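A.B. asks: Sequence plus predicted model, see below.
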Amino acid sequence: MPDRPAYLRIADTLREGIRDGSLPPGSRLPTMAELRRAHGVSEIVVRHAIGVLRGEGLVETRRGGGTVVRIRPPARRVAMDRYRAVAPAGPPAGPPERAPDAPQTTFTRDQKISWEEYRLDKEFTRVRADPELGALFELPPGTELLRRRFVFYARGEPQQISVNFLPWDLVGGTPVADPAREPWPGGTLAQLAYLGHPPTRVEESVRSRMPTPDEAETLRLAGGVPVLAITRRLLSGPVVMEVCRDIVLPADRVVLDYAIDL
C-alpha cells in the first residue's frame, strides 16, 4: 500500500521480524540510525514506528540498553475443572510453614507451584454493596460486605489480582474475616465449606480491557498489554455466597480453557 504512512510500514517490517523469529525475544532492534538509513526517513518517523510496537506490547525500551523484543513467558492454561479439586474445610493451623501437607489453592494448581513458592498480599475492608454488587449477590444495595483484595505471586512474580466480596453476616467474626489466616489452604472454596456452605456452582463472565494504572503497576505489565477481567460468582444451592469483581490476569500470560460435556 504505497499511501500507508512510513512509520506504519516500518512497524510492519519489524513486527514481521518478531513473528517469524528473525528478531527473537530479548534481541535488540536495529538502532535509530540504522533504521533511518535503511528506510530513508527521519528520526521522528522511526520513533513513531517503535512507539506502535511498544503500544502493542511487542518491545520495551531499556535505559542504556536500546529497544529489545519483549520476552514473554509461555501462557499457562487455566481450566474450569480446577474448581473440582477437593479442598480442606478447616482453617489453617498457623502460618504457611505449619499448614497441612501439600496445601493447595486453585492458584497454586494453575501455576504448578509449591506452597513455599506462593505469596499472597491482602487487604480486608468492610464495605456496603453498590447497585452492581447488589445485583450480583441478589441482595439490596447497601448490604454489608467483606471486601478482600489479594495480589497473588508465583516465585516472587505478581500474576493475578483478585477483589472478592462475601456477605458480612456470613463471615463477620469468623476466621474467614481474619487476614492473619491468609493464605488459607483450599482458598475461598474451602472457606465457604468451613462456614457450612460448600459451593455447588461456579459462574464466570470474562471480558478483556486495558489495565488501570494501579493494575499495570502491580502486575508489572508492559505498555500495550491488556488484561482479562473475570467476574465470578460462587453459589451454594440457590444462594450467592461470593462475588469476585474482578479476577485480573495479564492477557499475554493466560489461556482460559472451557469445556462442556454434551
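C.D. replies: Looks like it came in fine. Everything numeric in this text was worked out from a predicted model, so none of it was measured.
A.B. asks: Any chance you could give me stretch 153-166 in PDB, C-alpha atoms only?
C.D. replies: Provided in PDB are the C-alpha atoms of stretch 153-166 (Å, rounded to 0.1, in the frame of the first residue of the first chain):
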ATOM      1  CA  TYR A 153       2.600 -14.100  43.500                       C
ATOM      2  CA  ALA A 154       4.300 -17.200  42.000                       C
ATOM      3  CA  ARG A 155       8.000 -17.500  42.600                       C
ATOM      4  CA  GLY A 156       8.200 -13.800  43.500                       C
ATOM      5  CA  GLU A 157       6.400 -12.500  40.400                       C
ATOM      6  CA  PRO A 158       2.900 -10.900  40.600                       C
ATOM      7  CA  GLN A 159       0.500 -12.900  38.400                       C
ATOM      8  CA  GLN A 160      -3.100 -12.100  39.500                       C
ATOM      9  CA  ILE A 161      -5.200  -9.500  41.300                       C
ATOM     10  CA  SER A 162      -8.500 -10.600  42.900                       C
ATOM     11  CA  VAL A 163     -11.100  -8.500  44.600                       C
ATOM     12  CA  ASN A 164     -13.800 -10.600  46.200                       C
ATOM     13  CA  PHE A 165     -16.800  -9.900  48.400                       C
ATOM     14  CA  LEU A 166     -18.500 -12.000  51.000                       C
END
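A.B. asks: what's the model's confidence in it, averaged?
C.D. replies: For stretch 153-166, mean pLDDT is 94.
A.B. asks: Stretch 244-259 too?
C.D. replies: 89.
A.B. asks: Distance across it, terminal residue to terminal residue?
C.D. replies: 21 Å (C-alpha to C-alpha, to the nearest Å).
A.B. asks: Now that stretch: buried residues?
C.D. replies: In terms of neighbour count (16 or more other C-beta atoms under 10 Å), stretch 244-259 has its buried residues at 244, 245, 246, 247, 248, 249, 250, 251, 252, 253, 254. For every residue, glycine as well, the C-beta is placed using N, CA and C.
A.B. asks: Name the residues that touch that stretch?
C.D. replies: Stretch 244-259 is contacted from outside by 57, 72-73, 75-81, 132-133, 136, 159-165, 206, 208, 211, 215, 219, 221, 225-233, using C-beta atoms under 8 Å, 6 or more residues apart in numbering.
A.B. asks: So which of those residues are in strands?
C.D. replies: Of the positions in the contacts of stretch 244-259, 76-79, 159-165, 206, 208, 227-233 sit in strands, assigned by DSSP state E.
A.B. asks: Please pick the buried ones from those.
C.D. replies: Buried members of these, scored by 16+ other C-beta under 10 Å, are 78, 159-162, 164-165, 227-233.
A.B. asks: Show me the helices in this protein, by range?
C.D. replies: With helices called from DSSP state H, the chain shows them at 6-20, 32-39, 43-55, 106-111, 131-137, 168-171, 187-194, 213-218.
A.B. asks: Burial-wise, tell me which of those helices comes out on top.
C.D. replies: Scoring the helices of the chain by mean neighbour count under mean count of other C-beta atoms under 10 Å gives helix 187-194 as the most buried, with a mean of 23.
A.B. asks: Put the alpha carbons of that one into PDB.
C.D. replies: C-alpha atoms of helix 187-194 as PDB (Å, rounded to 0.1, in the frame of the first residue of the first chain):
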ATOM      1  CA  GLY A 187      -8.900 -20.800  49.100                       C
ATOM      2  CA  THR A 188     -12.400 -19.400  49.100                       C
ATOM      3  CA  LEU A 189     -14.000 -22.700  48.200                       C
ATOM      4  CA  ALA A 190     -12.600 -24.200  51.400                       C
ATOM      5  CA  GLN A 191     -13.600 -21.200  53.400                       C
ATOM      6  CA  LEU A 192     -17.200 -21.500  52.300                       C
ATOM      7  CA  ALA A 193     -17.200 -25.200  53.000                       C
ATOM      8  CA  TYR A 194     -15.800 -24.400  56.500                       C
END
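A.B. asks: Distance from the chain centre to it, please.
C.D. replies: With C-alpha atoms, centre = their mean, to the nearest Å as the basis, helix 187-194 stands 21 Å off its chain's centre.
A.B. asks: so where is the protein shaky, pLDDT-wise?
C.D. replies: Where the chain drops to pLDDT under 70, the residues are 1-2, 73-78, 85-102.
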